[in-house]
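Enquirer: structure for the following, please:
(one chain, ligands or ions: 1)
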Amino acid sequence: SNISEEVTSSPPPGTKKQIPQSIIIGVRKGGTRALLEMLDIHPDVAAAATEITIEKTPGYFTSALAPERIRAMNSSIKLLLILRDPTERVISDYTQVYFNRLENHKPVQAIENLLVRNGALNTRYKAIQRSMYDIHMRNWLQHFSLEQIHIVDGNALIQDPLPELQKVERFLNLPPRIISSNFYFNQTKGFYCIRSDGRERCLHESKGRPHPTVNSTVLQQLRSYLHEHNRTFFRLVKRTFDWQ
Ligand code: A3P
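Expert: Down below sits the predicted model:
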């Protein structure tokens, strides 16, 4: 990938960047990098004339304006949304910010201090808001039909990537090319890594980091709050996920 986090497969040298036919719209910390890298295994998702161009912009899912703008750009675009357990996602989000702040020599806080204010769950905390999947989904469904949005189960992608990628191949109308030998479990990393074109690689060390242990009462508060949002989300997408 090139430029920022955003462009996936670069076009052949001397050709123009293509408008993406598909976008990974998020969710931040859902496994967007893993999904992109794993799709890149596919020979038609690469630098060739017939390729399909996929872009990844994890912030889109929770952006109020993105749905309308993307539809204006390409109304037939295929949207990929990777979601994981929203409670886990909050902790992953916190962990990323925590390490960014450490790197930039900024003060950090314990996660409980961000999650709870005066004994109540701090629902204004950005990481919690981003995990209210129903609210964001409702906004997307005002501009796109459900058929145009494929949801990848981010927890399933961690456990066993191939079936999730095969569903994406079908959604994108790609011939099935990704196979089980494209993945191997790396004990040290604790995640699946990629074997493709005779090379083996794992995602960057910032992907798949250990999370802090969260006070169990606080964790329970967070879970039960998000539970209601999850139920609404399941109704919206006519599908359930086994989030705790
Ligand atoms: P954690 O680092 O919190 O575990 P994103 O790329 O959207 O930022 O998502 C990062 C998350 O992708 C990681 O969050 C990790 O759980 C998940 N992930 C899924 N498959 C992975 C893989 N094969 N290797 C590393 N991380 C993976």
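Enquirer: hmm, the helix or strand of the chain with the lowest mean pLDDT touching the ligand?
Expert: When each helix and strand of the chain is scored by mean pLDDT, DSSP states H and E, strand 54-56 comes last, with a mean of 91. No. Figure legend: strand 54-56 not in contact with the ligand (CB under 6 Å from any ligand atom); closest approach 8.3 Å. (C-beta placed from N, C-alpha, C; glycine too.)
Enquirer: please apply the same query to stretch 87-101.
Expert: Yes. Interface with the ligand: stretch 87-101 contributes 92, 95 (CB under 6 Å from any ligand atom).
Enquirer: I'd like the average pLDDT over that stretch.
Expert: Stretch 87-101 comes out with an average pLDDT of 98.
Enquirer: now that stretch: buried residues?
Expert: 87, 88, 89, 90, 91, 92, 93, 94, 95, 96, 97, 98 (16 or more other CB atoms under 10 Å).
Enquirer: hang on, the earlier thing: beyond the least confident helix or strand of the chain, next helix or strand please.
Expert: helix 66-73 (DSSP states H and E).
Enquirer: could you pull out the buried residues of that following helix?
Expert: 66, 67, 70, 71.
Enquirer: same check, this time on stretch 50-63
Expert: 51, 52, 53, 54, 55, 56, 57, 58, 60, 61, 62, 63.
Enquirer: what is the end-to-end distance of that stretch?
Expert: Start-to-end span of stretch 50-63 (CA to CA, to the nearest Å) is 31 Å.
Enquirer: which one in this structure is furthest away from the centre?
Expert: Outermost residue of the chain with respect to the C-alpha centroid, by CA atoms, centre = their mean, is residue 118; its distance is 31.7 Å.
Enquirer: and it, how far is that from residue 73?
Expert: According to CB to CB, to the nearest Å, residue 118 stands 43 Å off from residue 73.
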